[in-house]
Structure formats: C-alpha cells, structure tokens
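Colleague: Pasting a predicted model and its sequence here:
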Amino acid sequence: MAENQRRQLPTTHLAVKPGYNTNIRLGDALYHVQTEDRGAGHPFIDTIVYVQGRVLHRRSANYEELLGSAEPGETALRERIEQQHRGVIEELRAGTLKLDLAAAPAGIEVRLLNPTSWFASGRATLQIEVRERGTQRPAADVQVEATLEATAGPERFAACTDTEGRAELSFSLPPLGPKAATLVIRAAGPSGEDAIRYQVKPKPRAPAQ
C-alpha cells in the first residue's frame, strides 16, 4: 500500500509520531489497519481500515486535552494510539465492526510528478497528481496535504486538485536540523485516501578549509 512507501529525496511538548500499521486476513480479504497521530496542529488520532487501497472505515479521537503536558501527557498519548489501534483490530476479528466490501469506493492514488526537481534555492514546489484506482481517471476536488515531520512544526501545507486531478504546493523549506525529516503527501476525498512518504536528508556541510 502506498502509505508504507518510503523513498529517498536529495508548539507543544507532545511529539509522538509515528503510528501503527497492521495487516489482518479475514476470509478472502486482507485488511490493512493504520493508526497515526496527526500532530499537535490537528490533535486527532486517526485509524483507517483499507482493503486494496480502498477506505472502508475511519475512526478519529481528539486528544486536545493532552496538549501542553510534559512527559506524562506524551505517555498517555502513546497509550491512546495503541489502544485505539488494538481496539479496531479486535472489533474486526470479533466481527462487531461490520464493513461492506462491495460498497467501498474504488480508492485513489496520489503521485509526486517531480520527485527529482521538487526542491531548488531553498523552496519546495510539489507537483501532485491524484487518480482513481483502476480507471486511472483524474480525481478532482480532492484535498491534498503535505506535512514535514521531524521539523519544528510540524509544517503543513494544503491545496485542492483541479479537474485534471492536479495540485501544486509551493513553500519555503524550514530548517531540517541534523537529522532527516519525512515529507508525507496525503490525498483525501469521497473515493478514499492515499499517502506517500519521502525521507528528506539535510545537505552535508562542506568540510572546513
């Protein structure tokens, strides 16, 4: 699934991230359960159940009351993420979470069209395309969001796809620090959700003369 793809590319006290990903086979269907913290700027724990890229179920829980807490708050957030993820899995296995495979939308696929030229002169320009899975038709009016994780923010930038299923996000790249950051590009619309991830490595410093 695209959410698990990782590729290489040249506030508050709470900073948990990342979440959990689990595959479960029930009968002939392989379910992928994904739970993640959306970050302090959007304090929700999201759990999504996919089958072949199609979103069958989504569950969100707000944790705004934990913002501003120090270590105990971060520990509580980790426990909530794990508990919500495990709870959805248990409901699936017990059959109490009823999902209609036939009624699920076909799903969408998000792509970065300029993976080798998206960054220049300190500025990022992401040319993004979203298409329907199977038919490969452009997916219009889909919300696209780019998030830079492991930066001071995390930083988020959003746009909406046009009739050709395309959107462009342009922004100054914030300082990355000594460690690699993760660029996450998400797309969400009536037909489903998809995401791709890229690791962004800071440029090595030139040796001192």
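Modeller: Great, that's in hand. Residues are numbered from 1 along each chain as shown.
Colleague: Return, as residue ranges, the portions of this protein with sub-threshold pLDDT.
Modeller: Within the chain, the set of residues satisfying pLDDT under 70 comprises 1-18, 68-72, 103-105, 150-154, 176-180, 202-209.
Colleague: Start from the N-terminal end of the protein and give the helices.
Modeller: Secondary structure of the chain (DSSP state H): helices at 71-94.
Colleague: That one - how does it break down into domains?
Modeller: 11-94, 108-200 (automatic domain parsing).
Colleague: Any idea which of those gets closest to A102?
Modeller: The closest of the domains of the chain to A102 is domain 11-94. By C-beta to C-beta, the value is 10.7 Å. C-beta coordinates here come from the backbone N, C-alpha and C atoms, glycine included.
Colleague: I'd like the distance from that closest one to the chain centre, please.
Modeller: With C-alpha atoms, centre = their mean, to the nearest Å as the basis, domain 11-94 stands 12 Å off its chain's centre.
Colleague: Check the gap between the residue nearest to D46 when sequence neighbours are not counted and L97 for me.
Modeller: The shortest distance from D46 to any non-neighbouring residue, by C-beta to C-beta, 6 or more residues apart in numbering, is to S60 (5.2 Å). Per C-beta to C-beta, to the nearest Å, S60 is found 15 Å from L97.
Colleague: So for these two, which residue has more residues nearby?
Modeller: A direct count of neighbours by other C-beta atoms under 10 Å for S60 and L97 places L97 higher, at 17 against 12.
Colleague: The more buried one is in contact with R59, isn't it?
Modeller: No: using C-beta atoms under 8 Å as the test, L97 is too far from R59 to be in contact (9.3 Å).
Colleague: returning to that earlier point: now the domains of the chain in a markdown table, with distance to L101?
Modeller: Below are those laid out as a markdown table (distance: least, C-beta to C-beta, whole Å):
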| stretch | distance to L101 |
| --- | --- |
| domain 11-94 | 6 |
| domain 108-200 | 13 |
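Colleague: number of nearby residues for R131?
Modeller: 21.
Colleague: Likewise for I81?
Modeller: Neighbour number of I81 under other C-beta under 10 Å is 23.
Colleague: quick one: contacts for it?
Modeller: 16, 19-20, 35-37, 45 (C-beta atoms under 8 Å, 6 or more residues apart in numbering).
Colleague: now do T75
Modeller: By C-beta under 8 Å, 6+ apart, T75 lies in contact with nothing.
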